[in-house]
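Participant: pasted the sequence and its predicted model underneath.
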Amino acid sequence: MSMTLLASTIQTLGTTKTIRKREFRAHNARASLSDIEKSAIKTLAYYQVLGQYPLTALELYRYLHKESDEQILLSFYNFLKLLEQSPAINKTVDRKNGFYFLKNNERFYHQRIFRQKVAIAKWKRTRRIALLLAACPFLRGLLVSGSLAFGNTKRQSDIDLLIITEKGRIWTCRTFLSFLLQIIGQRRHDQVIENKICLNHYIAQNSLAVSLQNISNAHLYSHLIPLINYQNFWLFQEQNSWIARLLFSYPQSKQNCLRRINEESLIFKLASLLGRGLELFLCGFPGRLLERKLAAWQTKRIHQKTNWRALKEEQLHLGEGSLLFHYPICRNAQVMNEYRKKVQALKLT
């Protein structure tokens with residue numbers, strides 16, 4: 001009996017020693033991960049959390065996170081070699097038909113292909129609506145954001161727009177935009193969501209810098225796609241240079257110019273002419289008075305409709321230079337929380 005017990009004890013000790021050796025090797029493997037390997041895995045983790053979004057090698061290279069200010073980006077050729085040869089990446093990452101994603105997430109490859117097709121149809125709709133929105137006074141920029149800008153939109157999703165307005169006319173512009181979209185039946189409200197325009201972020205020309213600076217907003221704003229007034233889009237990028245501290249490739253033009261509205265088209269010129277005419281009528285004291293009245297009226301309505309005292313700054317912000325409507329669920333906070341958990345689960349912290 002004692003010999004059996006001794007043999008069992010020795011076997012247990014041997015098993016424990018083997019497990020510890022494996023854990024030690026795994027720890028060393030994690031510790032020896034290069035910054036660029038961590039960046040690649042973290043970037044894929046972020047896009048999985050964002051919307052189960054596989055990336056091509058080129059997209060992964062362009063959206064790559066920075067681990068530190070001193071980190072140096074490899075050439076694309078060497079980055080491709082790293083993706084193919086790195087044991088750490090091969091252990092964590094799968095690939096299919098040129099798309100990369102975390103292990104056991106192949107189903108999202110098919111989802112992305114489908115959502116890209118959905119995005120093509122939504123883009124046609126968005127560009128047609130944007131032509132009409134040019135008739136709104138004090139409108140200085142229309143930027144597509146959210147899932148459509150990422151090319152990863154659901155069929156039932158709305159269309160997010162970031163609006164740039166004239167300084168001191170943010171409430172006036174919001175009123176005209178909401179009114180026009182309501183008339184043509186394209187404004188999101190209540191449960192009417194699919195393919196409707198969601199005006200959840202306004203910024204004035206003199207307040208283009210974003211205050212909440214994290215990796216989620218860095219990706220969101222680096223993907224913005226301008227529809228009109230390309231110059232203000234570049235001003236926005238210049239004033240949000242903090243994004244370059246978090247992402248290697250910023251600013252990045254992507255295919256932005258291909259999505260722009262043809263500002264030489266007759267419809268756009270007529271709409272713009274109407275908008276400029278309204279601006280002439282609303283300039284000076286009458287316009288400033290109207291802005292104050294509209295600000296007071298809309299602020300009161302928003303406070304009546306929401307539990308605004310309980311909302312955080314990133315959920316609801318009503319300022320002279322910016323308006324933000326991300327309630328009841330703040331996608332930024334939700335994504336950041338899930339991303340941190342994913343990074344911890346991958347032991348990349």
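Facilitator: Perfect, I can see it now.

Participant: show me what contacts Leu235?
Facilitator: 205, 208 (CB atoms under 8 Å, 6 or more residues apart in numbering). No exception for glycine: its C-beta is placed from N, CA and C like everyone else's.

Participant: quick one: which helix or strand includes it?
Facilitator: Assigned by DSSP states H and E, Leu235 belongs to helix 230-239.

Participant: what about the strands in the protein?
Facilitator: Here the chain has its strands, by DSSP state E, at 55-56, 93-96, 99-102, 139-145, 159-165, 197-204, 225-228, 316-318, 322-325.

Participant: so what's the residue count around the closest residue to Trp308 other than its chain neighbours?
Facilitator: Leaving aside its chain neighbours, Trp308 sits nearest to Leu316 (5.8 Å; criterion: CB to CB, 6 or more residues apart in numbering). Neighbours of Leu316 under the rule other CB atoms under 10 Å: 21.

Participant: wait, Leu316 sits on Arg309?
Facilitator: No: between Leu316 and Arg309 there is no contact under CB atoms under 8 Å: 9.9 Å.

Participant: the closest residue to Arg127 other than its chain neighbours: neighbouring residues, count only.
Facilitator: Nearest non-adjacent residue to Arg127, counting by CB to CB, 6+ apart: Ile261, 6.1 Å away. Ile261: 21 surrounding residues under other CB under 10 Å.

Participant: who are the contact partners of Ile261?
Facilitator: 127, 130-131, 134, 227-228, 268.

Participant: how about 10 Å then?
Facilitator: Residues in contact with Ile261 (CB atoms under 10 Å, 6 or more residues apart in numbering) are 126-128, 130-131, 133-134, 142, 226-229, 267-268, 271.

Participant: returning to that earlier point: who touches both of Leu316 and Arg309?
Facilitator: His303.

Participant: list the buried residues of stretch 43-59.
Facilitator: The neighbour-count check on stretch 43-59 (16 or more other CB atoms under 10 Å) flags 43-55, 57, 59 as buried.

Participant: gap between that stretch and the chain center?
Facilitator: Stretch 43-59 sits 12 Å away from the centroid of its parent chain (CA atoms, centre = their mean, to the nearest Å).

Participant: then stretch 132-145?
Facilitator: 20 Å.

Participant: surely Leu80 and Tyr61 touch.
Facilitator: Yes: the criterion here is CB atoms under 10 Å, and Leu80 meets it with Tyr61 at 8.3 Å.

Participant: any common contacting residues for these two?
Facilitator: By CB under 10 Å, 6+ apart, the residues touching both Leu80 and Tyr61 are Leu74.

Participant: one step back: in a markdown table: the strands of the chain, plus mean pLDDT.
Facilitator: Listed next are those as a markdown table, based on pLDDT from 0 to 100:
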| stretch | mean pLDDT |
| --- | --- |
| strand 55-56 | 94 |
| strand 93-96 | 93 |
| strand 99-102 | 94 |
| strand 139-145 | 95 |
| strand 159-165 | 96 |
| strand 197-204 | 95 |
| strand 225-228 | 92 |
| strand 316-318 | 92 |
| strand 322-325 | 94 |
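
Participant: want to throw the ones you listed into a markdown table with distance to Ser68?
Facilitator: A markdown table is the format used below for the strands of the chain (distance: least, CB to CB, whole Å):
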| stretch | distance to Ser68 |
| --- | --- |
| strand 55-56 | 22 |
| strand 93-96 | 22 |
| strand 99-102 | 23 |
| strand 139-145 | 28 |
| strand 159-165 | 30 |
| strand 197-204 | 30 |
| strand 225-228 | 29 |
| strand 316-318 | 31 |
| strand 322-325 | 30 |
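
Participant: those: which one's closest to Gln252?
Facilitator: Each of the strands of the chain has some distance to Gln252 by CB to CB; the shortest is strand 225-228, at 11.1 Å.

Participant: and that closest one, which strands flank it?
Facilitator: strand 139-145 (antiparallel) (DSSP bridges).
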